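Visitor: From the sequence below, what's the structure:
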Amino acid sequence: MAMLAELGEERTADPGEVLYRVGDSRYPFVAILEGEVAILDAAGNEILRHGASGFLGELTLLSGQSVLVTAVVTERLRYIEIDREVLRSLLYENEQFSDLVLSTFISRREALQQVQGIGLEIAGPRSSEATMRMLAFARANRLPFTWRDPERTDDPSAAELVAGLAPASLPLVRLPGGAELEGPTTGQVYRALGIGRELAPREEVDLLVVGAGPAGLGAAVYGASEGLDTLVIESTGLGGQAGSSRRIENYLGFPAGITGNELTSRAVTQARKFDARLASPYRAVALEPGTSRHVVRLDEDHEIAARAVLLATGAQYRRLPVDDLDKFEGASVFYAAGPPEAQLCGAERVGVVGGGNSAGQAAVWLARGGALVTLLHRRADLRETMSAYLIRELERYHVAVRDRSEIAALHGSDGQLEAVTLKTGEQLPLAYLFLFLGALPCTEWLGDTVQRDEHGFILTGTAAGADYLLATSVPGLFAAGDVRSGSTKRCATAVGEGAMVVQFVHAHLTAS
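Guide: Numbers count the residues shown, from 1 in each chain. Sure, this is the predicted structure:
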């Protein structure tokens, strides 16, 4: 508090005064010396209170997003006000302060995801592809939201929200503070929230990183810190698949494990510290190799000309080969087990499909939250594909494991799963399903510009006839992480490759 007093301004406030409201685009970091503040949702319902030696705020202070809650003084307040830019600098410079505040901000964001009425309000039916895309985007970016489905009979007012709207105008998205967008793109929503960076029609950079998973963020940190003008683009959520992992147990330096959300949130903050620019959501649609610069074309008519390009697009989840899967996706079938999904599943019968560590982590997380979990996988023995410690955790939390089990059909209505039929003909009652079936490389947009293996993963090093370990068949183009042929599909390895590729980028730029 003494340190903050030197950097900020001491102020007072009387009971009833509002420090900031839902939707405010600028608000400071507040550290309380004396008094009390109540945190309210948009409807005025109290969530919690903070007192002396407490502080206000969450990840919106770092991302630039408009605030999700209202802060009202309940007891005469004496507090220190810190500008958010000063806060960011302090987080970069003071390790102890950073550990306390950043961990708290991340925990608060996870808690807000479980509170109804916080954040975005997305109104649209499950039959609307645009609505389901918006919901998936909100989940991937850990944006608190409420879904209003006009096709559900238990929410009659939801139908009124979208009455008269054409399919092209769906979903209706209400932003914190009340502004409404009809049929917006995910980019329009992200930038309306104050998060997304607006790119110029043409940008020129030293290093373009396509993909903001562990490999891309690793390259961003090392590239920017070593003086490269670095731009990172991401089409979905910063952090990639790792960001949705409930716990990464084998990451060096974290013996108790670390959540994917915390690891990637810290990485994003670190990349910004070194002035790497992160732009999302922008989707790469074409690559045009050149001599001095390579051009990557994005949706919305943007292009990036870069002296070097790192392809770190990762891989996407495999889907079940069953009919009507799309009718349940996003409503009762999911590809990640985060706080919003866990809230749905308490005391419910839940199926987790897959035999890898990610499936095991999700099963344990859901079981710990009170769900009755069955893990289904197609092999004869789970030990062929899953770590021993996770198998012990499955036993500890009473997860039922079914070997040689594959799903043939889904049953339910209005997007709500009721049961699944296995290929043996047996039917299992399940209310929710989580799929962890491996991944396909996100390389279809590349065409024939770089050499790929038979599965579509990018060839590097000697396999591509390249001079550098992580170089592709085209000089100045590199690949790292899950998208690379032969990668180990581990978070720590992806970060290492992202860091390593920067030395190859420097060598390429020096030679050219």
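Visitor: okay, now the nearest residue to Gly465 once chain neighbours are set aside: neighbour count?
Guide: In space, Gly465 comes closest to Ser473 once its chain neighbours are excluded; the distance is 6.1 Å by Cβ to Cβ, 6 or more residues apart in numbering. Using the backbone N, CA and C atoms, a C-beta is placed for each residue, glycine as well. For Ser473, the neighbour count with other Cβ atoms under 10 Å is 17.
Visitor: Could I get the contacting residues of Tyr397?
Guide: With contact set as Cβ atoms under 8 Å, 6 or more residues apart in numbering, Tyr397 has these partners: Ala363, Val364, Ala367, Arg368, Val373.
Visitor: Helix or strand next in line after the worst-scoring helix or strand of the chain on mean pLDDT, which one?
Guide: In the chain, no helix or strand scores lower on mean pLDDT, DSSP states H and E than helix 339-345, which sits at a mean of 79. On the C-terminal side of helix 339-345, the closest following helix or strand by DSSP states H and E is strand 349-353.
Visitor: ok, that following strand: who's next to it in the sheet?
Guide: As defined by DSSP bridges, the strand partners of strand 349-353 come to strand 372-376 (parallel), strand 432-435 (parallel).
Visitor: buried ones in the first one?
Guide: Buried residues in strand 372-376, defined by neighbour count with 16 or more other Cβ atoms under 10 Å: Leu372, Val373, Thr374, Leu375, Leu376.
Visitor: do you know how far the second one is from Asp301?
Guide: Counting by Cβ to Cβ, to the nearest Å, the gap between Val373 and Asp301 amounts to 46 Å.
Visitor: Repeat that for the last one.
Guide: Leu376 sits at a distance of 44 Å from Asp301 (criterion: Cβ to Cβ).
Visitor: what do you get for the third one?
Guide: In this structure, Thr374 lies at 47 Å from Asp301, with Cβ to Cβ as the measure.
Visitor: picking that back up, out of the strands paired with strand 349-353, the one nearest Ala337 is which?
Guide: Using Cβ to Cβ as the criterion, the shortest distance between Ala337 and the strands paired with strand 349-353 is 5.5 Å, found for strand 432-435.
Visitor: Send me the closest one as CSV with only the CA atoms.
Guide: In CSV, the C-alpha atoms belonging to strand 432-435 read as follows (Å, rounded to 0.1, in the frame of the first residue of the first chain):
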residue,chain,number,x,y,z
TYR,A,432,-23.5,-33.5,-21.5
LEU,A,433,-20.6,-34.7,-23.6
PHE,A,434,-17.0,-33.5,-23.8
LEU,A,435,-15.0,-34.5,-26.8
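Visitor: which residues are in contact with that strand?
Guide: So strand 432-435 is contacted by 317-320, 328, 332-337, 341, 344-345, 348-354, 359, 362, 366, 371, 407, 410, 417, 420 (Cβ under 8 Å, 6+ apart).
Visitor: swap in stretch 93-103?
Guide: When contacts are taken as Cβ under 8 Å, 6+ apart, the neighbours of stretch 93-103 outside the stretch itself are Met3, Phe55, Leu87, Leu90, Leu91, Tyr92, Glu262, Ser265, Arg266, Thr269.
Visitor: again, only this time at 10 Å
Guide: 3-4, 29, 31, 55, 57, 59, 61-62, 87, 90-92, 262, 265-266, 269, 273 (Cβ atoms under 10 Å, 6 or more residues apart in numbering).
Visitor: leaving aside the residues next to it on the chain, what's closest to Gly354?
Guide: Distances taken as Cβ to Cβ, 6+ apart place Phe436 nearest to Gly354, at 3.3 Å, with adjacent residues excluded.
Visitor: Spit out the contact partners of that neighbour.
Guide: With Cβ under 10 Å, 6+ apart as the criterion, the residues that contact Phe436 are 317-318, 335-337, 352-363, 375, 377.
Visitor: separation between it and Glu426?
Guide: If you measure Phe436 against Glu426 using Cβ to Cβ, the figure is 21 Å.
Visitor: what helices or strands is the longest helix along the chain leaning on?
Guide: Here the longest helix in the chain is taken by residue count, with DSSP state H as the criterion, and it is helix 491-511. Helices and strands touching helix 491-511, by 3 or more Cβ pairs under 10 Å, 6 or more residues apart in numbering; DSSP states H and E, are strand 202-210, helix 214-225, helix 260-273, strand 302-311, strand 477-479.
Visitor: Lowest mean pLDDT across the ones you listed, which one is that?
Guide: Here these differ in mean pLDDT, and the lowest is helix 260-273 at a mean of 89.
Visitor: so how far is it from its chain's centroid?
Guide: The gap between the average C-alpha position of helix 260-273 and the chain average comes to 11 Å, counting by Cα atoms, centre = their mean, to the nearest Å.
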